[in-house]
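Student: the amino acid sequence is not available; the structure is as follows:
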């Protein structure tokens, strides 16, 4: 049997708050294969973002297992996790999370710095990717000189620079208008189709979710639905 | 190499907040500047003291003739001239003594042409020049034959030259008058500057001891001298030389056991050591006081780095999310602290040296800027950068990626 890219079994996440523990994820089981394009939907507080952070190795689960590419993530130390975030995963955030006062080119190239790539090589690859997302002429602009859509494309270029197997996008179009949203989604589609990069994205919008082939629904920390996007969306519409 | 890249990231962060970086650095600038300046002043003092000690001569004793008691009234050392030229010759034969010079001092009025000057005239022997390690600027010293014949010859100090002879005139060969008697100048002493107690050592005239005794000052007690300067063969021989001299003089002066000495022997080297250690204590204290401002500068760096880490929590989160390891974050913040302290100390050294130089121009004071002091200030500053930068840097490195990312 083929090992999936992401295999999650019985995943729990609790937060300890002043009012006692809050159960955010209550036993999630999920497999995502290589090359899939998965959208995650669900109401606020259903645990989507927490789930994404755990998949992105930014956060650790309270219990349960997570294998990324056959590797049990729980066995990795902090340095190896940083390496996974650096090389295996590209993260795209709702709020872009670019470094202010750092040029578009340097933002895109930053993950390469931590991968120990030489300066000239970093520059070459960053420029190539900026070209790819259509922002070559903005290489020396600062993030605050760019529109939201442009900033998100920079962020996507940054996520792709180490040629990861997996791109995680947490509401990447949440801060963008409809037209720009579709441009961004077209970019994700192209990455998925042309480079067979696995994409998992969280969204609130059905229009955005439609770009994905598979839809996973969260409700109160549980999986409430999992299937082909159109089928699941149609069920909701009815 | 990733450290070079992290260094560039650090500089970008410092450059983004220039005013703050400059003010933080100012603490180090003042600290290092103060240390460099204070050390320069302290070492200058030490240098001056050591120079005076050297000008005195090394491994020296002064042998003074004794105290007198007259009707229960005790006079000070030297009040009775009990030391004789014979004593001096006998001391010179002692194995641990290298050289001895009897000295018959007195004040006299000197006249050359229209100028006159009152100065200290020392009657002594040729070994005096050796004992005091006194070089000649021109001419020669008087020799043993001059001493035997009580010749009217004089070797004069620089201050005397300055006061009696017009500029450009070579005093050697000229005849001047000491207490109205003519003396031929045969040599001019090289300058020695001030002594430890601040006297001008160059304001002196040296004549053969016999000349001073018989012709210049006359003597109540023929053949006696006020004091002698003796030099041990080496620093190790100091103790031996002292006891040898004491035994010899007691014997020669017929002092029986239990009776008080009619002379006293003073070890000038011990005195010099005291002065030298006082100067180095001063130097150390100045440096220590200035170091406090260095410490304050370091705390300033820590303070700003802590603020910076808090302000940039989100940036740290982003860096971690895209693959920065804890040690990358640690290195970056440590390099920021280190840059502040090293750049600050660089400017501080320049300012400290500049001030030291200015001080010498406007105040008659010797300052000595040594590479050693600058190196020390640098090393301490770098140490402070690491020490005070480590805590904020660790704080940054220990952030959890997700918490740092969520920080508002």
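Tutor: Noted; the coordinates are in hand. Computed from a prediction, not measured in an experiment: that's the story for all the values here.
Student: what's the closest non-adjacent residue to the residue in the stretch 151-300 of chain B that chain A sits nearest to?
Tutor: Closest to chain A within the stretch 151-300 of chain B is residue B:300: 23.6 Å, counting by C-beta to the nearest C-beta. In short, each C-beta sits where N, CA and C put it, glycine included. By the measure of C-beta to C-beta, 6 or more residues apart in numbering or on different chains, the closest residue to residue B:300 outside its immediate chain neighbours is residue B:27, 3.8 Å from it.
Student: again with residue B:338
Tutor: Using C-beta to C-beta, 6+ apart and skipping residues adjacent in sequence, the residue nearest residue B:338 is residue B:385, 4.2 Å away.
Student: quick check, that neighbour in contact with residue B:298.
Tutor: Yes: in this structure residue B:385 lies within contact range of residue B:298 using C-beta atoms under 8 Å: 7.4 Å.
Student: for the helix or strand hosting residue B:4, packing partners?
Tutor: Taking DSSP states H and E as the criterion, residue B:4 maps to helix B:2-16. When contacts are defined as 3 or more C-beta pairs under 8 Å, 6 or more residues apart in numbering or on different chains; DSSP states H and E, helix B:2-16 packs onto helix A:104-114, helix B:326-362.
Student: and the ones you listed, which is most packed in?
Tutor: Among those, the stretch with the highest mean neighbour count (mean count of other C-beta atoms under 10 Å in any protein chain shown) is helix A:104-114, at a mean of 25.
Student: can you give me the angle that one makes with helix B:326-362?
Tutor: 110 degrees (axes from the mean of the first three to the mean of the last three C-alpha atoms, to 10 degrees).
Student: show me what helix A:104-114 is packed up against.
Tutor: Helices and strands touching helix A:104-114, by 3+ C-beta pairs under 8 Å, 6+ apart, are helix A:78-87, helix A:119-132, helix A:148-160, helix B:2-16.
Student: name the nearest residue to the residue nearest the centre of chain A, sequence neighbours excluded.
Tutor: With distances taken as C-alpha atoms, centre = their mean, residue A:168 lies nearest the centre of chain A, 1.2 Å away. Leaving aside its sequence neighbours, residue A:168 sits nearest to residue A:56 (C-beta to C-beta, 6+ apart; 4.8 Å).
Student: from residue A:89, how far out is the one you found?
Tutor: As judged by C-beta to C-beta, to the nearest Å, residue A:56 and residue A:89 stand 6 Å apart.
Student: angles on the backbone of residue 96, please.
Tutor: Defaulting to chain A. For residue A:96, the backbone dihedrals are phi 70, psi -50 (criterion: degrees, to the nearest 10).
Student: hmm, back to that, contacting residues around the residue nearest to residue A:168?
Tutor: Neighbour list for residue A:56: A:85, A:89, A:91, A:168, B:321 [criterion: C-beta atoms under 8 Å, 6 or more residues apart in numbering or on different chains].
Student: how about it, phi and psi?
Tutor: phi -80, psi 10.
Student: try residue B:153
Tutor: Given degrees, to the nearest 10, the pair of backbone angles that residue B:153 has is phi -120, psi 150.
Student: that one contacts residue B:207, correct?
Tutor: Yes: applying C-beta under 8 Å as the test, residue B:153 and residue B:207 come out as touching, 6.9 Å apart.
Student: which residues do these two both contact?
Tutor: The contact sets of residue B:153 and residue B:207 overlap at B:142, B:183 (C-beta under 8 Å, 6+ apart).
Student: looking at those two, which is more packed in?
Tutor: Legend: neighbour count by other C-beta atoms under 10 Å in any protein chain shown for residue B:153 and residue B:207, higher for residue B:207 (29 against 21).
Student: once you drop chain neighbours, what's closest to whichever residue of chain A sits closest to chain B?
Tutor: Using C-beta to the nearest C-beta, residue A:86 is the residue of chain A that sits closest to chain B, at 2.3 Å. Leaving aside its sequence neighbours, residue A:86 sits nearest to residue B:323 (C-beta to C-beta, 6+ apart; 2.3 Å).
Student: now that neighbour: how far from residue A:81?
Tutor: Separation of residue B:323 from residue A:81 (C-beta to C-beta): 10 Å.
Student: immediately after the top helix by length along chain A, which helix or strand?
Tutor: Counting by DSSP state H, the longest helix found in chain A is helix A:178-195. The helix or strand immediately downstream of helix A:178-195 is strand A:198-202, counting by DSSP H and E.
Student: direction included, what does that following strand pair up with?
Tutor: When pairing is defined by DSSP bridges, strand A:198-202 lines up against strand A:37-41 (parallel), strand A:166-170 (parallel).
Student: need those strands in CSV (columns: mean pLDDT).
Tutor: Listed next are these as CSV, based on pLDDT from 0 to 100:
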stretch, mean pLDDT
strand A:37-41, 95
strand A:166-170, 95
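Student: out of the ones you listed, flag the one nearest residue A:29.
Tutor: Of all the strands paired with strand A:198-202, it is strand A:37-41 that lies closest to residue A:29, at 14.3 Å by C-beta to C-beta.
Student: can you list the buried residues in the closest one?
Tutor: A:37, A:38, A:39, A:40, A:41 (16 or more other C-beta atoms under 10 Å in any protein chain shown).
Student: check stretch A:56-65 too.
Tutor: For stretch A:56-65, a neighbour-count test (16+ other C-beta under 10 Å) marks A:56, A:57, A:58, A:59, A:61, A:64 as buried.
Student: cool, and stretch B:44-52?
Tutor: Residues of stretch B:44-52 classed as buried: B:44, B:45, B:46, B:47, B:48, B:49, B:50, B:52 (neighbour count, 16+ other C-beta under 10 Å).
Student: return the subset of those lying in helices.
Tutor: B:44, B:45, B:46, B:47, B:48, B:49, B:50, B:52.
Student: for the second one, give its distance to residue A:164.
Tutor: Taking C-beta to C-beta as the measure, residue B:45 falls 67 Å from residue A:164.
Student: now swap in the first one and tell me
Tutor: Distance from residue B:44 to residue A:164, counting by C-beta to C-beta: 64 Å.
Student: again, but for the fifth one
Tutor: Remark: distance between residue B:48 and residue A:164 (C-beta to C-beta) = 70 Å.
Student: please identify the helix or strand for the residue of the stretch 301-408 of chain B found nearest chain A.
Tutor: Among the residues of the stretch 301-408 of chain B, residue B:323 lies closest to chain A, at 2.3 Å counting by C-beta to the nearest C-beta. For residue B:323, there is no host helix or strand (DSSP H and E).
Student: hmm, back to that, take the buried residues of stretch A:56-65 and keep only those in strands.
Tutor: Among the buried residues of stretch A:56-65, DSSP state E puts residue A:64 in strands.
Student: wait, residue B:128 touches residue B:100, no?
Tutor: No: with contact defined as C-beta under 8 Å, residue B:128 does not reach residue B:100; the gap is 9.3 Å.
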